[in-house]
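no FASTA, just this:
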């Protein structure tokens, strides 16, 4: 478990955590107001909602200062219209020849990667990894603290 | 200081790309950080790692949605616990 040392509290993680918890709280109200038990479709919908909340809180915590978060924010905002087609033709900014073939795969896993030049893609990747890791950690901690607190609850 | 590429922005050298790729190495899990590995390998592992992280988010989302459904999710308690 985390120690209570005050040094280096990781402000990004705190921001991520608070946004994600807010989103979870909202979802929790929605869910508790609906009749039980949920259908399979409803369960799938909830799963997708939590996942969307994870990426949404990541993107909004980082805000517009990163290309990947901007791309995520754009994508989340256009979810309502559910357009799956790309507006522009796929650009291929790989200006380094064929030596680093892995960049083509990398641009598919980083949000907005397809529109980035190689340098931006690589620097965005680093930041994206850090945020994803923090998000995963937060989700695990929520699960862990829920299971431990519920087991200590006196019935 | 290494000279930055002040020429046209489209001229990014392979060496610069290589250096940027090497910077990703410490972010990768486990054994990758200690040994000298090729840039191509780092790129490949980075892709795999990102896919793995995406899958984790997916799996954890599933478990969290079940937690929400169980009614034992208490945002305030959790918030306090996370802020330790």
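Perfect, I can see it now. This structure is a prediction, so every number in the text was calculated from the model and none was measured.

Next up, the contacts around residue A:125.
Residue A:125 makes contact with A:106, A:110, A:113, B:24, B:46, B:50, according to C-beta atoms under 8 Å, 6 or more residues apart in numbering or on different chains. In short, each C-beta sits where N, CA and C put it, glycine included.

Go through the helix or strand hosting residue A:144 and flag the buried ones.
Take DSSP states H and E as the rule and residue A:144 turns out to sit in helix A:118-151. Residues A:118-125, A:127-129, A:131-139, A:141-143, A:145-146 are the ones in helix A:118-151 that count as buried (16 or more other C-beta atoms under 10 Å in any protein chain shown).

Give me the subset of the contacts of residue A:125 lying in helices.
A:106, B:24, B:46, B:50 (DSSP state H).

Once you drop chain neighbours, what's closest to the last one?
This means residue B:50. residue A:109 (4.4 Å; C-beta to C-beta, 6 or more residues apart in numbering or on different chains).

Which residues lie in contact with the one you found in this structure?
B:47, B:50, B:51, B:54.

Which among these count as buried?
Buried, going by 16+ other C-beta under 10 Å: B:47, B:50, out of the contacts of residue A:109.

Point out where chain A drops to low pLDDT.
For chain A, applying pLDDT under 70 flags the ranges A:1-9, A:35, A:80-98, A:148-155.

Residue A:13: which of the contacts of residue A:125 is nearest?
residue B:50 (18.9 Å; C-beta to C-beta).

my guess is the closest one contacts residue A:131, does it?
No. Counting by C-beta atoms under 8 Å, residue B:50 stays clear of residue A:131, with 11.4 Å between them.

Pick out the residue in chain B sitting closest to chain A.
Relative to chain A, the nearest point of chain B is residue B:43 (2.9 Å; C-beta to the nearest C-beta).

Which residue lies nearest to that residue in three dimensions, sequence-adjacent residues excluded?
That would be residue A:102: by C-beta to C-beta, 6+ apart, it lies 2.9 Å from residue B:43.

Reformat the contacts of residue A:109 as JSON lines; add pLDDT.
Listed next are these as JSON lines, based on pLDDT from 0 to 100:
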{"residue": "B:47", "pLDDT": "96"}
{"residue": "B:50", "pLDDT": "97"}
{"residue": "B:51", "pLDDT": "97"}
{"residue": "B:54", "pLDDT": "98"}
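
what about residue A:114, neighbour count?
Residue A:114 is flanked by 17 other residues according to other C-beta atoms under 10 Å in any protein chain shown.

That one reaches residue A:104, doesn't it?
No. Applying C-beta under 8 Å as the test, residue A:114 and residue A:104 come out as separate, 9.4 Å apart.

and residue A:34, how many neighbours?
Neighbour tally, residue A:34, other C-beta under 10 Å: 10.

who are the neighbours in contact with it?
Applying C-beta under 8 Å, 6+ apart to residue A:34 gives the contacts residue A:42.

can you give me the helices in chain B?
With DSSP H as the criterion, chain B has helices at B:14-24, B:39-70, B:75-82.

So which of these is nearest residue A:45?
helix B:39-70 (8.9 Å).

and the angle for that closest one with helix A:118-151?
Per axes from the mean of the first three to the mean of the last three C-alpha atoms, to 10 degrees, the angle that helix B:39-70 makes with helix A:118-151 is 30 degrees.

related to what we said a few turns ago, which two of the ones in helices among the contacts of residue A:125 have the greatest separation?
So, the ones in helices among the contacts of residue A:125 by C-beta to C-beta: farthest apart are B:24 and B:50, at 10.4 Å.
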